[in-house]
Structure formats: structure tokens, C-alpha cells
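Novice: no FASTA, just this:
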């Protein structure tokens, strides 16, 4: 198991529980999120003593600043987890809010992924987990920008994984694609799920286990795996209609 792990979006949900998993393995952690109080609560609950970096990492400049602060820490694993969603009719949602989401879900993820991967590849060691979503497999009416952002995360990770394989690199990159999970994401996005498929604790532990094995696309749960497989054979128009109905129900 790696010695040092950097986790973004560690103040709640999947990021928080991934931190707990790595802490149970005796890893040294660097945890970052906007809410310092939440990070300190997490730190107090851990066996180890993580380094806390509180602040908004949205966009290239902020992400680059985080990289510069941690690049000499000899990090072994990057968990690229920070992100949020926006729900609603595309013509009625806040453009400013969606751009903020794209900056975090795409620009920040891309920046940290690229910069740390360059270092990992140079030393031929390291693992990166980019948190995507089942949303990355289909069109997403009523969460259109969010679905598109997660498709970017998924396809970028898959493409880079192939490049690393062709280069014979020992570095592995993975995309975590969970289905509904009961986290603060739902409150931020303004939706609710009738029945979350898994707890964030389960998703975190499964994600770490599969990432360590070098799995490129990580999908927790049999039902979600079947949905991902079915998406390959489902016309986009039908997938969009089904997703639209699901998203409409979430907003009620």
C-alpha cells in the first residue's frame, strides 16, 4: 500500500470515507476541501494526523497552487474527488453556477490529473483515481452539464489509461463511476434519490480495492455494472428519455 495519499473533496461523502479507508491502512494523508471545520472533524476521527489544506481549488490557477504546495511531498496516490452537480432545465439553471461546476469537475480535475501524472510517469510509480459517475455513460436531461462533465472525466481517464498501457508504464489511472450514493451531493444539486444504491462507505472501500488492483473503470454494485453494459446497446435517444424521467422525479 502507498505511503502518501492526496484526497480532494475530503470533507464529506465519498472523499471523506476514502480518507478513512486509507487511514485504516496506515497511510499518510493530505486532505483538502473548502470547509476547514469539516476537515478538522475528519482529522480528529482518524488514527493518523493528516495534513489539512483548506480552500477553494476550482479552476486551473487554484489547482496549480495546490499542486505546487504538494508536489514535493512524494505523493503515491491522487484521489481526484472534488465536484458537485446542478439540477434543472438547462434554460432555467444558473449559467454562473454551471460554469463554477465545470471549473471544478473538469478544469480542476484535468489540471491535477495531468500535473501529478507527469510526475508519476517520470518515476514510473503511482495511482490516480478520478471520481466520475454512472452519469458519464449516458445523456442527462435535467442535469445536462453535470452528465457532460462526468463523461469528460470518464473518457479522459480511459484514454490516458490506454496511453500508459502502450508506454509500458507501471502507473495506473482509474475512473470511479458510482450510481446513487447518499451524500451531500444530493443537497447541493437540489435533488433526492428514492433509494440510494450503496452507502458512501461501501463505495469508498470498493473503489480503493479496485484502484489498487489497477482497474480502469470502477463501478460499484452488480445493478450498476449491468446498467453500464446495457448502455452500450441502448440508443442515445432512448437513454435520454429514460434519464429525463428519472431526473424529473428526483426534483420532486
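Specialist: On my side now, so go ahead. Remember, it's a predicted structure, so these values are computed and weren't measured experimentally.
Novice: got any ranges where this structure has weak pLDDT?
Specialist: In the predicted model of the chain, residues 1-2, 182-197, 233, 239, 248, 250-252 satisfy pLDDT under 70.
Novice: just list whatever residues bridge to the most centrally placed residue in it.
Specialist: In the chain, the residue lying closest to the centroid (CA atoms, centre = their mean) is residue 131, at 1.8 Å. Partner residues in beta bridges with residue 131, using DSSP bridges, are residue 176.
Novice: surely it touches residue 153?
Specialist: Yes: counting by CB atoms under 8 Å, residue 153 is a contact partner of residue 131 at 7.3 Å. Heads up, the C-betas are built off the backbone N, CA and C, glycines and all.
Novice: between the two, what contacts are shared?
Specialist: With contacts defined as CB atoms under 8 Å, 6 or more residues apart in numbering, the residues shared by residue 131 and residue 153 are residue 175.
Novice: what comes into contact with the longest helix belonging to the chain?
Specialist: Ranked by residue count, the top helix of the chain under DSSP state H comes out as helix 144-166. For helix 144-166, the external contacting residues (CB under 8 Å, 6+ apart) are 83, 85-87, 90, 93, 98, 101-102, 105-106, 109-110, 113, 117, 121, 130-133, 135-140, 171-175, 177, 189, 216-217, 243.
Novice: now with 6 Å?
Specialist: Contacts with helix 144-166, where a contact means CB atoms under 6 Å, 6 or more residues apart in numbering, come from 85-86, 90, 98, 102, 105-106, 109, 130, 132-133, 135-136, 140, 171, 173, 175, 216.
Novice: let's see which of these end up in strands.
Specialist: Among these, the residues falling in strands (DSSP state E) are 130, 173, 175.
Novice: quick one: contacts for the nearest residue to the first one once chain neighbours are set aside?
Specialist: Which is residue 130. If the residues on either side of it in the chain are set aside, residue 130 comes closest to residue 80, at 4.5 Å by CB to CB, 6 or more residues apart in numbering. Contacts for residue 80 (CB under 6 Å, 6+ apart) come out as 109, 112, 113, 130.
Novice: top of these by neighbour count?
Specialist: For those, counting by other CB atoms under 10 Å, the largest number of neighbours falls to residue 109: 27 neighbours.
Novice: ok, now which ones touch it?
Specialist: 80, 153.
Novice: swap in residue 52?
Specialist: 31, 39.
Novice: go with 8 Å
Specialist: Contacts were defined as CB under 8 Å, 6+ apart; by that measure residue 52 touches 31, 32, 36, 39, 40, 43.
Novice: what about the helices in the stretch 151-252 of the chain?
Specialist: 185-189, 200-212, 222-231, 236-250 (DSSP state H, counting those that start in this stretch).
Novice: of those, which stretch is the most buried?
Specialist: Burial of these is given as mean neighbour count (mean count of other CB atoms under 10 Å); helix 200-212 ranks first at a mean of 20.
Novice: after the strand or helix carrying residue 66, which helix or strand is next?
Specialist: Taking DSSP states H and E as the criterion, residue 66 maps to helix 60-70. From helix 60-70 onward toward the C-terminus, using DSSP H and E, the following helix or strand is strand 77-80.
Novice: adjacent strands (with direction) for that next one?
Specialist: Taking DSSP bridges as the criterion, strand 77-80 sits next to strand 4-8 (parallel), strand 127-131 (parallel) in its sheet.
Novice: gap between the last one and the chain center?
Specialist: Relative to the mean C-alpha coordinate of its chain, strand 127-131 is positioned 7 Å out (CA atoms, centre = their mean, to the nearest Å).
Novice: which residues are contacting it?
Specialist: Among residues not part of strand 127-131, those counted as contacts by CB under 8 Å, 6+ apart are 2, 9, 14-15, 18, 76-81, 83, 109, 113, 116-117, 120, 153, 156-157, 171-176, 207-208, 211-212, 214, 218.
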